[in-house]
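got a structure for you, letters missing:
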């Protein structure tokens with residue numbers, strides 16, 4: 001099958017969608033499919049304007065404009081995108097939607113207008129915008145046009161299903177993970193600095209890193225005699241504000257803002273850590289938390305996020321109702337060594353269902369569904 005993956009963002013940008021689309025492309029190719037990527041992200045050396053490069057064996061069409069901060073936006077792309085898709089002999093298009101995805105929206109308009117079977121994966125939580133999606137007919141119109149809709153989790157898919165109503169069915173197509181790569185041989189062990197708590201996220205308001213620091217203050221009150229450290233892995237626009245909070249509240253000995261790290265560094269960190277915390281509310285999936293869970297870390301997050309897909313409350317982590325409860329769950333794990341170790345052992349012994357083998361089967365099923373829906377419309 002010849003597959004076109006269409007996404008605003010792609011490598012060399014780093015983020016959840018970028019990495020997932022790249023990994024999906026490489027693994028589909030490994031299963032014998034022909035795969036091309038179309039993106040509004042410039043190349044590593046600023047390549048744009050339709051330049052085609054090859055990244056890890058995948059043909060990447062960079063339909064990018066020269067914009068400040070290399071923003072992945074190009075309202076001029078549709079004519080050229082249409083030409084390339086029509087001439088490329090593609091069997092199916094796979095559009096990847098994020099929180100704000102103008103390029104992906106244009107891609108969906110192009111693929112449906114030329115009759116190319118299309119599946120659309122929603123990587124985001126609609127949140128407060130959900131009522132708007134029900135009022136604006138665009139999304140329902142795509143479903144009526146035969147687009148096979150899916151989302152990375154149940155909580156991401158539910159508002160989407162309400163938005164399209166009876167025009168289609170929203171399936172679940174989770175993000176994938178290489179389970180064997182994240183399994184750790186060694187169990188968590190508290191070191192000289194105490195119990196190691198970690199979190200990986202973009203340092204931006206949507207991920208709620210400030211709420212995490214407030215939780216640290218509360219945890220110190222709830223477990224005053226237990227030494228622990230928090231390492232926050234990632235970069236973003238809120239870093240300076242977070243550092244000021246750390247300095248103002250005398251948290252320098254407890255909290256370390258590590259910055260961006262490679263996947264290998266992340267693996268090493270998880271292998272030596274004890275607890276993972278995910279404070280985001282609008283987390284459609286949480287790939288970093290899944291990686292930590294696979295590495296054997298008990299995961300503490302918020303109920304009603306994408307973590308519901310792979311964290312079983314009280315079994316391999318905790319899903320808290322609010323920030324106060326989240327701090328309480330972290331404190332409980334700090335205070336109860338046996339509970340923490342039991343959850344860690346469960347996570348190392350029971351792999352998650354979101355392995356790439358399962359995800360690729362689901363993706364291929366969505367491609368078949370898109371082709372069938374397009375055929376029914378014709």
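Yes, it's here. None of these values were measured; they are calculated from a predicted model.

what bits of this protein have low per-residue confidence?
Across the chain, the ranges flagged by pLDDT under 70 are 127-136, 185-193, 378.

For it, which segments count as strands?
For the chain, strands defined by DSSP state E occupy the ranges 2-7, 34-39, 51-55, 58-62, 92-97, 118-122, 148-151, 171-172, 195-200, 228-233, 255-259, 275-277, 299-302, 317-320.

Now do the domain split for this structure, please.
2-176+355-377, 179-349 (automatic domain parsing).

Mean neighbour count added to the ones you listed, as TSV?
All C-beta atoms are positioned from the backbone trio N, CA, C, and that covers glycine. Below are these laid out as TSV (neighbours: other C-beta atoms under 10 Å):
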stretch	mean neighbour count
domain 2-176+355-377	19
domain 179-349	19
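
for the residue lying closest to residue 23 once chain neighbours are set aside, what are its contacts?
Distances taken as C-beta to C-beta, 6 or more residues apart in numbering place residue 176 nearest to residue 23, at 6.5 Å, with adjacent residues excluded. Going by C-beta atoms under 8 Å, 6 or more residues apart in numbering, residue 176 touches 20, 23-24, 27, 354-356, 358-360.

returning to what we had before: with residue 165 as the reference, name the closest of the strands of the chain.
strand 148-151 (11.5 Å; C-beta to C-beta).

partner strands of the closest one, parallel or antiparallel?
Sheet pairing of strand 148-151 (DSSP bridges) gives strand 118-122 (parallel), strand 171-172 (parallel).

who touches the shortest one?
Okay, so that is strand 171-172. Strand 171-172 has contacts (C-beta under 8 Å, 6+ apart) with 148-154, 157, 362, 365-366, 369.

counting contacts, what elements does the helix ranked longest in the chain pack onto?
Criterion DSSP state H: the longest helix present in the chain is helix 356-377. Judged by 3 or more C-beta pairs under 8 Å, 6 or more residues apart in numbering; DSSP states H and E, helix 356-377 is in contact with helix 16-30, strand 92-97, strand 118-122, strand 148-151, strand 171-172.

if we can go back for a sec, which one among the contacts of residue 176 gets closest to residue 198?
residue 354 (19.9 Å).

Throw the strands of the chain into CSV and include distance to residue 161, thanks.
Formatted as CSV, those follow (distance: least, C-beta to C-beta, whole Å):
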stretch, distance to residue 161
strand 2-7, 22
strand 34-39, 27
strand 51-55, 34
strand 58-62, 31
strand 92-97, 15
strand 118-122, 11
strand 148-151, 8
strand 171-172, 10
strand 195-200, 30
strand 228-233, 34
strand 255-259, 38
strand 275-277, 30
strand 299-302, 22
strand 317-320, 22
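
residue with max distance from the center of this structure?
residue 225 (35.6 Å; C-alpha atoms, centre = their mean).

which residue sits closest to residue 124, ignoring its sequence neighbours?
With sequence-adjacent residues excluded and distances taken as C-beta to C-beta, 6+ apart, residue 124 is closest to residue 99, at 4.5 Å.

sorry, that was for residue 60
residue 37 (4.6 Å).

again with residue 184
Closest residue to residue 184 apart from its sequence neighbours, by C-beta to C-beta, 6+ apart: residue 271 at 4.4 Å.

where's that neighbour relative to residue 157, distance?
For residue 271, the distance to residue 157 equals 33 Å [C-beta to C-beta, to the nearest Å].

From the rest of the structure, what touches the longest helix of the chain?
By C-beta under 8 Å, 6+ apart, the list of residues contacting helix 356-377 from outside reads 1, 3, 23-24, 27-28, 31, 91-94, 115-119, 121, 145-148, 150, 168, 171-179.

And for stretch 207-227?
193-195, 199, 201, 203, 228, 230, 232, 236, 238, 241-242, 245-246, 249, 251, 254-255, 277, 279-281, 283, 323-324, 326-328, 330-331, 334-335.

Okay, and which of those map to helices?
Going by DSSP H, the helices hold 241-242, 245-246, 323-324, 326-328, 330-331, 334-335 from the contacts of stretch 207-227.

possible to save those as a markdown table with distance to residue 265?
Formatted as a markdown table, the ones in helices among the contacts of stretch 207-227 follow (distance: C-beta to C-beta, whole Å):
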| residue | distance to residue 265 |
| --- | --- |
| 241 | 24 |
| 242 | 20 |
| 245 | 24 |
| 246 | 21 |
| 323 | 28 |
| 324 | 32 |
| 326 | 26 |
| 327 | 27 |
| 328 | 30 |
| 330 | 23 |
| 331 | 28 |
| 334 | 24 |
| 335 | 29 |
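
Closest to residue 109 out of these?
residue 241 (38.2 Å).

how about the nearest residue to the closest one, chain neighbours excluded?
Nearest non-adjacent residue to residue 241 (C-beta to C-beta, 6+ apart): residue 210, at 7.2 Å.

Out of the strands paired with strand 148-151, which gets nearest to residue 309?
That would be strand 171-172 among the strands paired with strand 148-151, by C-beta to C-beta, at 8.4 Å.

if we can go back for a sec, the residue nearest to residue 23 and residue 224: what is the separation?
Counting by C-beta to C-beta - residue 176 and residue 224 are separated by 41 Å.

Residue 78 too?
From residue 78 across to residue 224, the span is 59 Å (C-beta to C-beta).

next one: residue 61
57 Å.

what's the answer for residue 100, then?
43 Å.
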